[in-house]
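here is my input, please return the structure:
(chains A and B)
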2 protein chains.
Amino acid sequence: VVPLSPFLVVDTERLDRNIARVAEHARDAGVALRPHVKTHKSIEIARRQLAAGAVGITVATVGEAEVFVDGGATDVMVAYPLWLTAEAAARLRRLAARATVTIGVDSPTGAARAADLLAGTDVRLVVEVDSGHHRTGVPPAQAGVVARGAHGALPVVGAFTFPGHSYAPGAGPAVAAQEAMALAGAAASLRDHGLEPAVLSGGSTPSLADADTDVATELRPGVYVFGDAQQWELGSCSPDDVALTCRATVVSHAGGRLVLDSGSKVLGADRAPYSTGHGRLLDHPDARVVLLSEHHAVVELDDPLPPLGATVRVVPNHVCNAVNLVDELWATTPGGDLVSWAVAARGRNG
Amino acid sequence: VVPLSPFLVVDTERLDRNIARVAEHARDAGVALRPHVKTHKSIEIARRQLAAGAVGITVATVGEAEVFVDGGATDVMVAYPLWLTAEAAARLRRLAARATVTIGVDSPTGAARAADLLAGTDVRLVVEVDSGHHRTGVPPAQAGVVARGAHGALPVVGAFTFPGHSYAPGAGPAVAAQEAMALAGAAASLRDHGLEPAVLSGGSTPSLADADTDVATELRPGVYVFGDAQQWELGSCSPDDVALTCRATVVSHAGGRLVLDSGSKVLGADRAPYSTGHGRLLDHPDARVVLLSEHHAVVELDDPLPPLGATVRVVPNHVCNAVNLVDELWATTPGGDLVSWAVAARGRNG
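Numbering: from 1, shown residues only, chains lettered A, B, ... in the order given. Model prediction:
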């Protein structure tokens, strides 16, 4: 039974097309694809990515890793500099008995702690380096020092970076070049410390097309499965690629504007500096969501207003946060019905 | 068992103090208090508000109304111009058999539709008017015309407004005056159409202290129970009133800054134009969250950095959206333990 609006709908045909296109890109480039599943948090979609050739998956938290290993994943990388508590370590130990588990570190202290708490397991470490996004990650030249923190108690298999500064108009090519430089620098630093890196992992959706696959061995894009208003406005997807929309209802014409029931509690409140509004309307590309509150999206558009009660398809600015607000995605079927896919890892923040 | 960080903690003593203070304010002013429970979505907290003297509760959706009536609420107002589907109407009919139910309308068409679909029930209508926030609601002088849309099939008991433009520095007093004018105008319009309004409902947390209780019969603040960084920065609460924080862990010192695991997937991504960052640190009032992504909060502070692994208390910008991201709140007890309160209406967007 489809719920009252607003709810999120997946265009399964577009989803499969996006999955296939990026899988082919990685295959042609000769690199591994390890999609970040924080975007969709759904077993059903991870299965499709793995079936299309992904070598494994990327997650952000221990809780996400558990959900996907329960769902059948056998190779999981936590692309995050985890600071392990005893409980987190115990949970990772149990996971490592069931799947290949790789976790991030970005300090000698963090690496030592992971090595101490996980010694004797098959957990692998990767060092996070900063390629210019300036969030987490050490400068590439320090990768070896971080790796040495693990004092040989756990294998350090390589380095990773998230080139998140690709989220700016036109930034893709320059950021991809920085990503390659950071990964090459990390590799050199690891070699200086006697470690041959098997994994040099990068990738974000906006920088994907420009990623230097002579340097990177692996790419970890997430958003490409769905696209969203950010990718649309950055030019890294077209509106025809957008595979997830919010089904919203016109509840008011107050002030001569369109008011929809899709607020920040279903779209998320993300608004990047380059965003033109709080989301886009798939069937009204010139419309803009000018005001967003928890249960209202106020839209300005030049077209005649859709009538009260009409259904409108809204593209969230940042699809990862929209998905994390709902317990189910409603996926289209060839027969025209909608089927429910659980957002199995929703809210798994820790 | 307390989860891995990040998670949300309620300071129960501060919560009870906030509930008592606003209940007393309403009692002293001789107006009804009908708190908006979308802020906390928790039966436990609604019970405390009702025990302190609230006449009923306010919700935004049919799904929220159902959760709180299941939890014991007997008087629920949906402060939203619902556009009823047959299914929504059926659910409201069932609710109206168990509780006093009032729903919003802001068009003659919407009122007629509600009257047609709910005729024969005890559901009551209230007309939403715009007091200057310019979201939903008709101009006050049109309240009577909207009410007439219900053609006598359902009782129209009054009018309501949300003075949401109070969310700007120093705006409280002027916005409260506009709210009073809008409610008085709505009352006049209803009387012109032969309807004596029993309910003139207003109220937001930033305008609460200035609300004109000679005009309003009822106030519907929500955020006051917890406070948040927005209220702190608007001056409508002090840091000592903040009753909900996110327990976060220091995961990195990359770039000489503090990186916490409390990202937008637990804090929400709200950032008002007047906000000084993406949230505040309760114990470091000069610190600012300068970058927020899904699982990272990057903090700049002049104090010495708390060590890796340290716990930090983060105040979300907008607490309503933070609460809606988690399934449980962890409430402090006199004994120093944390107990779990379910966010029972989490994700009930329709």
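
wait, is A:R247 part of a strand?
Yes. Secondary structure assignment places A:R247 in a strand (DSSP: H, G, I helix; E, B strand; the rest coil).

what about it, neighbour count?
Using other CB atoms under 10 Å in any protein chain shown, A:R247 has 21 neighbouring residues. (C-beta placed from N, C-alpha, C; glycine too.)

show the pLDDT at A:L325.
At A:L325 the predicted local confidence, pLDDT, stands at 98.

for the nearest residue to it once chain neighbours are set aside, pull up the helix or strand it's in.
Ranked by CB to CB, 6 or more residues apart in numbering or on different chains and with sequence neighbours excluded, the top spatial neighbour of A:L325 is A:V266, at 5.6 Å. Per DSSP states H and E, A:V266 falls inside helix A:264-267.

quick revisit: where's the residue nearest to A:L325 relative to A:T245, distance?
Between A:V266 and A:T245 the computed distance is 11 Å (CB to CB, to the nearest Å).

now for those two: what residues contact both?
Common neighbours of A:V266 and A:T245 (criterion: CB atoms under 8 Å, 6 or more residues apart in numbering or on different chains): A:L8.

what lies in contact with the helix holding A:V266?
A:6-8, A:246, A:278-279, A:292-295, A:297, A:314, A:316-317, A:322, A:325-326, B:268, B:270, B:321, B:324, B:347, B:349.

next, give phi and psi for the residue of the stretch 101-250 of chain A found nearest chain B.
Closest approach between the stretch 101-250 of chain A and chain B, counting by CB to the nearest CB: A:T136, at 4.5 Å. Main-chain dihedrals, A:T136, degrees, to the nearest 10: phi -110, psi 180.

for it, give me its contacts.
Taking CB under 8 Å, 6+ apart as the test, what A:T136 contacts is A:Y80, A:P81, A:D106, A:E128, A:D130, B:V251, B:S252, B:A254, B:V259, B:H296.

how about stretch A:261-277, which residues are buried there?
Under the neighbour-count criterion of 16 or more other CB atoms under 10 Å in any protein chain shown, stretch A:261-277 has A:261-272, A:275, A:277 buried.

do me a favour and get the end-to-end distance for it?
Taking CA to CA, to the nearest Å as the measure, stretch A:261-277 stretches 16 Å from start to finish.

that one - what's its average pLDDT?
98.

helix/strand/coil for A:A23?
A:A23 is classified as helix under three-state DSSP.

touching, it and A:G53? I think so.
Yes. In this structure, A:A23 is within contact of A:G53 by CB atoms under 8 Å, at 4.6 Å.

residues from the stretch 151-300 of chain A in reach of chain B?
Within reach of chain B by CB under 8 Å from any CB of the partner chain, the stretch 151-300 of chain A has these residues: A:164, A:249-255, A:259, A:261, A:263-266, A:268-271, A:291, A:293-296, A:298.

taking the residues you listed one by one, which sit in helices?
Within those, membership in helices is found for A:S264, A:K265, A:V266, as judged by DSSP state H.

what's the separation between the last one and A:V326?
Yep, that's A:V266 we're talking about. The value you get for A:V266 to A:V326, if CB to CB is used, is 7 Å.

repeat for the first one
In this view, A:S264 and A:V326 are 13 Å apart by CB to CB.

so where's the stretch 1-150 of chain A uncertain?
Within the stretch 1-150 of chain A, no range satisfies pLDDT under 70.

grab the nearest non-local neighbour of the closest residue to chain B within it.
Proximity to chain B, evaluated over the stretch 1-150 of chain A using CB to the nearest CB, is greatest for A:L4 at 3.0 Å. Of all residues not flanking A:L4 in the chain, B:G350 sits nearest, at 3.0 Å (CB to CB, 6+ apart).

what of A:E196?
Leaving aside its chain neighbours, A:E196 sits nearest to A:L190 (7.4 Å; criterion: CB to CB, 6+ apart).

cool, and A:D214?
A:A180 (7.7 Å).

contacts for stretch A:268-275?
So stretch A:268-275 is contacted by A:167-169, A:229-230, A:233-234, A:277-278, A:292, A:316-318, A:321-322, A:324-325, B:264, B:268-271, B:318, B:321 (CB under 8 Å, 6+ apart).

can you pull up the most central residue in chain A?
A:G222 (3.3 Å; CA atoms, centre = their mean).

correct me, but it touches A:T39?
Yes. Here A:G222 lies in contact with A:T39, judged by CB under 8 Å, at a distance of 3.9 Å.

which residues do those two both contact?
A:C320.

what's near enough to touch the residue nearest to A:A23 when sequence neighbours are not counted?
Spatial nearest neighbour of A:A23, excluding adjacent residues (CB to CB, 6+ apart): A:A52 at 4.0 Å. Residues in contact with A:A52 (CB under 8 Å, 6+ apart) are A:I19, A:A20, A:A23.

distance check, the nearest residue to the second one once chain neighbours are set aside against A:G279.
In space, A:A20 comes closest to A:A52 once its chain neighbours are excluded; the distance is 5.8 Å by CB to CB, 6+ apart. Using CB to CB, A:A52 is found at 28 Å from A:G279.

distance of A:A171 relative to A:P206?
Distance of A:A171 to A:P206, computed by CB to CB: 7 Å.

of those two, who's got more company?
When A:A171 and A:P206 are compared on other CB under 10 Å, the one with more neighbours turns out to be A:P206, at 27 against 19.

the more buried one touches A:H165, doesn't it?
No. With contact defined as CB under 8 Å, A:P206 does not reach A:H165; the gap is 9.4 Å.

show me where chain A has its helices.
A:12-29, A:43-51, A:62-70, A:86-96, A:108-118, A:143-148, A:172-192, A:229-234, A:264-267, A:319-323.

give me the buried positions along the first one.
When burial is assessed from 16+ other CB under 10 Å, helix A:12-29 yields the following buried residues: A:T12, A:R14, A:L15, A:N18, A:I19, A:V22, A:A23, A:H25, A:A26.

how about the fifth one?
For helix A:108-118, a neighbour-count test (16+ other CB under 10 Å) marks A:P108, A:T109, A:G110, A:A111, A:A112, A:R113, A:A114, A:A115, A:L117, A:L118 as buried.

the residues you listed: which ones sit near chain B?
Answer for these near chain B (CB under 8 Å from any CB): A:T109, A:G110, A:R113.

okay, the residue in the stretch 251-350 of chain A positioned nearest to chain B: pLDDT?
Nearest residue of the stretch 251-350 of chain A to chain B: A:G350, at 3.0 Å (CB to the nearest CB). What the model reports as pLDDT for A:G350 is 96.

lovely, talk soon.
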